[in-house]
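*Asks:* sequence unknown, structure follows:
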């Protein structure tokens, strides 16, 4: 089969702001609205590749969007070759640094380029990469923030019902240990003792408090402890991984494959989760996930469930997909969800498109 060669032409970006059904309340901030950057990559052959980014902060789009546009302009007229483009873009940012806006811009354009190639081939991304479409096991990350413990039971029940989930994410790190214990018990009473509880501290603990809190919670049967400490405290997480029975989960803040490799070499985590915006898009994932798989470390995802579901289908040590519906208001046709699994559809590329009326309604400058 001959895949049509595609050529970069231009890119259009739109920042949209979506109201969340459940407010985020965490150690890193509180949010009632969630910003997205929608990316449309136009090719000379008429195929449009799409992607989106989740920059956390509304004002971040002011810095990320120009970087995406500059990167696209530098590629105008050249053939789309995402793995080569990823490597070349990384080399071009040596003097700026690999982290932050430079990598985020690379990721936004990279994901759209892979979407375009899938469309040109008439294949879903998972199939283009040598895999198949199908289901991916997921946990619901749509709630259970650091809100009042009294409301967690009802919320847990509704989260399970959203997709027949058998796994949920709960945020911990309240001021008192007893409050975290009460939160765990409230969720279990509502969702059932068999529910898998992934817990996230959102980097909210100092090293000494992290040691105390994780030791105190180590016999609670929790599925993993995610980022108890600041994400770059590699030695601290390595000590936790040595001392704590509960698996330590890191990775959403890894910028590219080298950062993942450093954590693996330091034995700082038992499992990893990759964030599409930070790891470098699809190309960054393809360079990073095999490092974890070769070390026997399970690979999960952070945000971007539609994009990540394709990649989980071709990842050797694929573990859990983090599911949220935060982008759903602007997606034309969200992926089907049932039995705690997200179904990768048999649609070319990523299989996503924009609800244009919603995108216009939510757009901001």
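*Replies:* Done, it's in. Just so it is clear, the model here is predicted, and its values are computed rather than measured.

*Asks:* which residues touch residue 206?
*Replies:* residue 229 (CB atoms under 8 Å, 6 or more residues apart in numbering). Using the backbone N, CA and C atoms, a C-beta is placed for each residue, glycine as well.

*Asks:* try residue 92
*Replies:* Under the criterion of CB under 8 Å, 6+ apart, the contact list for residue 92 is empty.

*Asks:* where in the protein is pLDDT low?
*Replies:* 1-4 (pLDDT under 70).

*Asks:* what does the domain assignment say about it?
*Replies:* 8-122+357-364, 128-354 (automatic domain parsing).

*Asks:* Pick the most buried one from those.
*Replies:* domain 128-354 (a mean of 20; mean count of other CB atoms under 10 Å).

*Asks:* Residue 50 touches residue 353, doesn't it?
*Replies:* Yes: taking contact to mean CB atoms under 8 Å, the distance of 6.7 Å between residue 50 and residue 353 places them in contact.

*Asks:* Residue 344: what's its closest spatial neighbour, skipping adjacent residues?
*Replies:* residue 133 (4.4 Å; CB to CB, 6 or more residues apart in numbering).

*Asks:* isn't the one you found right up against residue 349?
*Replies:* No: the pair residue 133 and residue 349 does not pass the contact test of CB under 8 Å, sitting 11.9 Å apart.

*Asks:* sorry, back to before: could you check the distance from the residue nearest to residue 344 over to residue 347?
*Replies:* Here the criterion is CB to CB, to the nearest Å. By it, residue 133 lies 9 Å from residue 347.

*Asks:* ditto for residue 30
*Replies:* Taking CB to CB as the measure, residue 30 and residue 347 are separated by 36 Å.

*Asks:* where do the strands sit along the stretch 251-365 of the chain?
*Replies:* Under the criterion DSSP state E, counting those that start in this stretch, the stretch 251-365 of the chain carries strands at the ranges 271-275, 299-302, 321-323, 337-338, 341-343, 363-364.

*Asks:* intersection of neighbour lists for residue 133 and residue 349?
*Replies:* When CB under 8 Å, 6+ apart defines a contact, the residues bordering residue 133 and residue 349 alike are residue 124.

*Asks:* and the longest helix that the chain contains, what does it pack onto?
*Replies:* In the chain, taking DSSP state H as the definition, the longest helix is helix 101-121. Contacts of helix 101-121 with other secondary structure elements, assessed using 3 or more CB pairs under 8 Å, 6 or more residues apart in numbering; DSSP states H and E, are made with strand 8-26, strand 29-43, strand 48-53, helix 61-75, helix 82-92, helix 125-128, helix 276-279, helix 281-294.

*Asks:* just the angle between it and strand 48-53, please?
*Replies:* Taking axes from the mean of the first three to the mean of the last three CA atoms, to 10 degrees, helix 101-121 and strand 48-53 form an angle of 140 degrees between their directions.
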